[in-house]
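1. Sequence and predicted model, in that order:
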Amino acid sequence: MNPTALEPLFWAMCGGFAIAASGALAPAPRVARAVTAIGSVAGAAAGLWLACLVLAGAGTVSIAMPSVLAAAGGLSFHLDRLGAVFLAVIGGVTIPVAIYGFGYTGGYGRRYSMRWMSLQTGAFLLSMSLVVSAANVLTFLLAWELMAVASWLLVITEHDRPDAVRGGLWYLAMTHMGLLALLAAFFLLGGDQAGAWPFDALRDGAARLSPGTRNAIFLLALLGFGSKAGLVPVHVWLPRAHPAAPSHVSALMSAVMVKLGIYGLLRVALDLLGGGPAWWGVLLVAAGAVTALTGVLYALVDDDLKRLLAYSTVENVGLIVLGTGAGFLFLSLAQPTAAALAFAAALLHVVNHAAFKGVLFLGAGAVLHATGERDINRLGGLVKRTPWTAATFLVGALSIAALPPFNGFVSEWLLFQSFLPGVASSRASVAVLLTLGVGALALTGGLAAATFVKAFGISFLAMPRSPEAANAHEAGWAMRAGMVMLALACPALAILTVPVLSAIGGALGGVGGLPASSTTFSLGVILETPHGLARMSPVAIMAVLAAAGTGVWLAMRLVSRGSRRIDDTWGCGRIGQTSRMEYTSTAFAEPLRRIFGELYRPTDDLTVTEQPGSPYHIQAISYRTELHPWFERGIYDPLVRATQAAASRVRALQSGSVNAYLAYIVLVLVVLLGMVIGF
Amino acid sequence: MFDVAGIAVEIGQALLSLALAPALVGFIRWLKARMQNRRGAPIWQPYAELRKLFRKDMVVSRQASWVFHLAPFVIFGSTIVVSLLVPVLVTPLPFNAVADLFAVVYLLLLGTAFLALAGLDTGSAFGGMGSSREMTIAAISEPAIALAILSLALAAGSTNLGEIAARTIARPSSALSPGHVMAFVALFIVMLAETGRLPVDNPATHLELTMIHEAMILEYSGPYLALVEWASWLKLFVFAMLAGNLFVPWGLATSLAPAALAVAFATTLVKLVVIAAGVAVLETRVAKLRLFRVPELLAVSFVLGLLAVASSFSLR
Amino acid sequence: MQGVFSQVAVMGSSGMLLCAMIVLWRRGVAAYISAFMWQSVVLGALTAAVGYFGNDPQLYVVAVLLFGIKAVAIPKLLRRVSQRFTAGRESAPYVNTATSLVVSGLLVLLAYAAARPLEAVADAPTRAGMPLAMGLLFISLFIIISRKLAITQVIGFLMLENAIALLAVLATYGVPLIVELGVFLDALMGFLVMQIFLYDIHGTFSTTDVDVLERLKH
């Protein structure tokens, strides 16, 4: 297929998102919502189809628009296979999320402007697609900033809630801090080249940069893209902004937008700079491990369902960066096959995480929609009242806990396998680092399983813990359709691992020194790693598990002769079972909270009120415990205080006197004239 | 892999494991009883228990949902799948192409997770407590298992079960190397934690302060209870086979010749008896650890695994 | 034969290392004294083995001395001191148990990294045990730093002596007898001085808990 046939798909994608944005002109909120949904689905479908064609080897899309913003160099787009992987994620997640969003925003029309939301959604989706297809720095930064602003506006949709506004403020501040870092990185990369700095020119010029400059670019890019992705310690906006946004927007942000941080890191550090010294990999592995452990530890003890999911996103980004770091490390040690495997494992986790985090956030949104509650301690019993939500959330929870036979297990397994050649390496420091990496990976996996058993078990199972949960109603057809689509994607991705992995391998081929590989879409069943003899088959596990389970069920039907009786849960002879006797989310996580107590440093406050006159008879006991990320206090509070101090000093300039202001203007004029004369 | 003979062998192995697992547990109980100066139930008592449970009526909690009904089948099914992959008599197995050690560990974790969900589903405090403690122990034993697997995989160059067994058979002197021994002890400690034996969990208790596994299955009765109990016995059997046949693989048949199979059966029985005796002696000798001392025990297992991996560093 | 020698050396060194880890894991002082005793027994056996494989009869004498002094006499003295003076349990060390164990694992990795140049130069069959001896050294130092009871610190010091002796045995098949005797005398004197101090401290303050004694400086 010749490349020019792909261009219409690109325009169709942009057109679809533009239609979604045009809901801003709709006469009624319902029309706006429908237009948004239809436009988003159309644009996303076009984008997904385009990405699949590009990954299948049909060529690339290159569009140059030098006339637009000609003074700054003009826009230009180039969708290669690396970008196509991320575009496929964007398209694949947007379709179910848009359908879900149509149902979810049903109650919004009365309080918030649906027209505004249409515009913001369309702009958000369009800007994300343009980020992955940008071919010069100007386009990239424009799309990046548009994405930031559009998503910020979406986050503060529910502007009457103070936590939404506060979360939005954190998000805005941190994304612009990241933007500053990116600007600095690109300036260093572009150097004294003229024009809009197309990526091709930057790639060629990067080889001539000094090692010091390359290291500085890497660090700045890590800071900028890391804050978008959610690396510790610049992740702080994630647990504040993602829960506050409307649930389908949270799903998009968690599943797709943070991955664009990974895309940027790969584009700059791997593609443009072509890899670097070993310490890049070491830094990424360390940062990834710390991020993963921090994310999962805070997800474990959280009682807010959406914030738990946000911290879990931080954890998974940590795992992705862990794999990426291993890749850079192997690349610097001249082991390109091992590097390719590590990068492929990281990108597979990008794809898989998008699927199951999407379904989890949509499920949390359905729970919020049904009960109005985000606090897990006030949920329960939803498996009978909202069966579709419960079933899809269960699939998502099993996938993210890396349990076979779902897709989370496959990418976790591949990450483990990609570490093995490092542990077997002859360099002691590499072996030690990657051994500790394996330990961190295993601990994260175990803690994630505990977290999601808690999240699903306490929210959905047993009896409702509040009247809101008791009166929950199932979601509408649109919301259900979106959740079911993503829930089916999880086992589907597990079955289709081999084609997906070969597409990813093709995307990485030739990038930054990695070996080129073929892009055969074989429908193989066994996943085999290139370097060693490790083999695993998700399809076989799924099939044998299903066979075994069914066989046992049939056998039991034949063998057992007893009847079945329904009765209350056993309670040591007491009468009746109430929801007060159930375990709560705080209680479930308490043993692990105690074990890791020195990492959490919770503040516990126990007040015992005795009966007057007798110290042995207790009147009341009050227990209050708070858990704030203590490193945030240590890093961000001083930063905020320093900024405020500096700002109040600068405020002295605002004296209010007109004479002073005029004097400032004249002073600046004089200085500028002096500079001109001087040169 | 998909030929009829191979599938027959695999099914045969699964049936053999299912048949031997209750005997293993019965033998451990009998040995413990004898060491405590009691007569003890006969070794085939667990079979009688299963027979009794399958014929009994079942009481299902009003608060339970389909998760409660699904869980026994998932637990039993996942443990059977593991028993298909672990070498019992023959190596390499017909399904060896997909027999990966990490897959085995995570399949067992699938069973554990569903058991925890079933414990939460009935809304009783016992179940919640058991689930919470079980997931805690499962989470903390993951790094220990991973490092033990890593040290085995480093020696064999792969995490494939057949490969690991083959490499150890090819180099008998490696069996007594300190790394090997330390990895074995690490795996043994993890086995005690994962299968709910002393000193981590008491399999014979019903006091709420001391039970973990028993608390989660408290609401199960009749055939469901039979399935869940059999699955936990099968899990112990599988771990014993991992410990025995990966670290001391001599005696495993490399072909399907009847003579080789008979030898393999005899050596497997010997290994099972030795491991069962070890477990029984340990359970009689030590007391159950407080819950918050269990992470220390698993930290010892983790460090042993780390030392096992490190001991391979100096050989390069 | 050389293969067996190497295996024995590594097994012995690992055994001594594990005895040190018992001090980090358990809480009772009686367990610490037993761990030290077994460590000295293994050291003595290893010295005898090196004497056998390396054909150095002097090492048999050293082994006997080790058994007598470090495996019999010193543990007996330690038991007497612990029964009279200490609480019997290390209840709240500066670093908790699980963290101590993980740190000890990391220290062994550090020892492996530090011993690589040493291993590259040595050609004795026992060189594979040298990183473990260095690991034992680090762990003994860690015991002294992280524990509060004075008697635990004394045991840590004694294990440090064992580690140095092990390193000497593995690297150079022991040192000349006269040096060995001198080191023994040194260790014995040090131990007796510590005993006297323990008597004195306990007599004055009724405690030998370092945490409590710290307040003296205020």
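-> Alright, I've got the coordinates.
2. Give me the mean pLDDT for stretch B:254-268.
-> Mean pLDDT, computed over stretch B:254-268, is 88.
3. Check the offset of that stretch from the chain's centre.
-> 23 Å (CA atoms, centre = their mean, to the nearest Å).
4. in that stretch, what counts as buried?
-> Residues of stretch B:254-268 classed as buried by neighbour count (16 or more other CB atoms under 10 Å in any protein chain shown): B:A260, B:V263, B:A264, B:F265, B:T267, B:T268. In short, each C-beta sits where N, CA and C put it, glycine included.
5. which SS class is the last one?
-> Spelled out, it's B:T268. Following DSSP: H, G, I helix; E, B strand; the rest coil, we place B:T268 in the helix state.
6. B:V88 is in contact with that one, correct?
-> Yes - with contact defined as CB atoms under 8 Å, B:T268 reaches B:V88; the gap is 6.3 Å.
7. Check the contact lists of the two and give me the overlap.
-> B:M241, B:N245 (CB atoms under 8 Å, 6 or more residues apart in numbering or on different chains).
8. circling back: filter the buried residues of stretch B:254-268 down to the ones near chain A?
-> When CB under 8 Å from any CB of the partner chain is applied, no member of the buried residues of stretch B:254-268 is adjacent to chain A.
9. just these now: which is nearest chain C?
-> B:T267 (24.1 Å; CB to the nearest CB).
10. Quick check: the residue lying closest to the closest one once chain neighbours are set aside vs chain A, distance?
-> Leaving aside its sequence neighbours, B:T267 sits nearest to B:G251 (CB to CB, 6 or more residues apart in numbering or on different chains; 2.8 Å). Distance, B:G251 to chain A, by CB to the nearest CB, to the nearest Å: 23 Å.
11. hang on, B:G251 packs against B:V263?
-> Yes - taking CB under 8 Å as the definition, B:G251 is a contact partner of B:V263 at 6.2 Å.
12. Distance of the residue nearest to the spatial centre of chain C relative to C:L167?
-> Among the residues of chain C, the one closest to the centroid is C:M159, at 1.3 Å (CA atoms, centre = their mean). Distance of C:M159 to C:L167, given as CB to CB, to the nearest Å: 13 Å.
13. and if you look at A:I400?
-> 49 Å.
14. the more surrounded of the two?
-> Counted by other CB atoms under 10 Å in any protein chain shown, A:I400 and C:L167 do not tie: A:I400 has more neighbours, with 30 against 20.
15. Need the nearest residue in space to residue 34, chain neighbours excluded.
-> By default, I'm working from chain A. A:F102 (6.6 Å).
16. that answer is for a different chain, and I need it for chain B
-> Using CB to CB, 6+ apart, the closest residue to B:R34 is B:G40 (5.9 Å).
17. Output the below-cut-off pLDDT ranges for the stretch 351-500 of chain A.
-> For the stretch 351-500 of chain A, applying pLDDT under 70 flags no range at all.
18. An error on my part: the question was meant for chain B.
-> Those would be B:1-2, B:314-316, if you go by pLDDT under 70 across chain B.
19. repeat for chain C
-> Ranges of chain C meeting pLDDT under 70: C:1-2, C:86-87, C:208, C:217-218.
20. one more time with 80, if that's ok
-> C:1-3, C:84-92, C:116, C:118-120, C:122-124, C:150, C:174-181, C:183-185, C:187-218 (pLDDT under 80).
21. ok, A:V296 - contacts?
-> Contacts of A:V296 by CB under 8 Å, 6+ apart are A:Y311, A:S312, A:E315, A:T444, A:L447, A:A448, A:T451.
22. please redo it, this time with the cut-off set to 6 Å
-> A:E315, A:T444, A:L447, A:A448 (CB atoms under 6 Å, 6 or more residues apart in numbering or on different chains).
23. so how many other residues sit close to the residue of chain A found nearest chain B?
-> Nearest to chain B, among the residues of chain A, is A:Y583, at 2.5 Å (CB to the nearest CB). Close neighbours of A:Y583, defined as other CB under 10 Å, add up to 25.
24. Helix, strand, or coil at it?
-> coil.
25. Isn't it up against B:G130?
-> No - the criterion here is CB atoms under 6 Å, and A:Y583 misses it with B:G130 at 9.6 Å.
26. wait, doesn't A:V453 sit right on B:T136?
-> No - taking contacts as CB under 6 Å, A:V453 lies outside contact range of B:T136: 10.7 Å.
27. sorry, back to before: now the element after whichever strand or helix holds the residue nearest to A:A34, going C-ward?
-> In this structure, A:F102 sits in helix A:81-104 according to DSSP states H and E. Going down the chain from helix A:81-104, the next helix or strand is helix A:114-133, by DSSP H and E.
28. Check the offset of the next helix-or-strand element following that following helix from the chain's centre.
-> Next helix or strand after helix A:114-133 toward the C-terminus (DSSP H and E): helix A:137-155. Remark: helix A:137-155 is offset 16 Å from the chain centroid, using CA atoms, centre = their mean.
29. for stretch A:631-648, same thing?
-> That offset, for stretch A:631-648, works out to 27 Å (CA atoms, centre = their mean).
30. list the buried ones in it?
-> Those would be A:Y636, for stretch A:631-648 by 16+ other CB under 10 Å.
31. ok and the residue in chain B nearest chain A?
-> For chain B, CB to the nearest CB, closest residue to chain A: B:G128, 2.5 Å.
32. give me every residue that touches that residue.
-> If you count contacts by CB under 6 Å, 6+ apart, then B:G128 has A:Y583, B:L120 around it.
33. One more: A:G47?
-> A:M13, A:L87, A:G91, A:S129.
34. Chain neighbours aside, what residue packs nearest to A:E582?
-> According to CB to CB, 6+ apart, the nearest residue to A:E582 is B:G123 (4.7 Å).
35. For the one you found, give its distance to chain C.
-> 33 Å.
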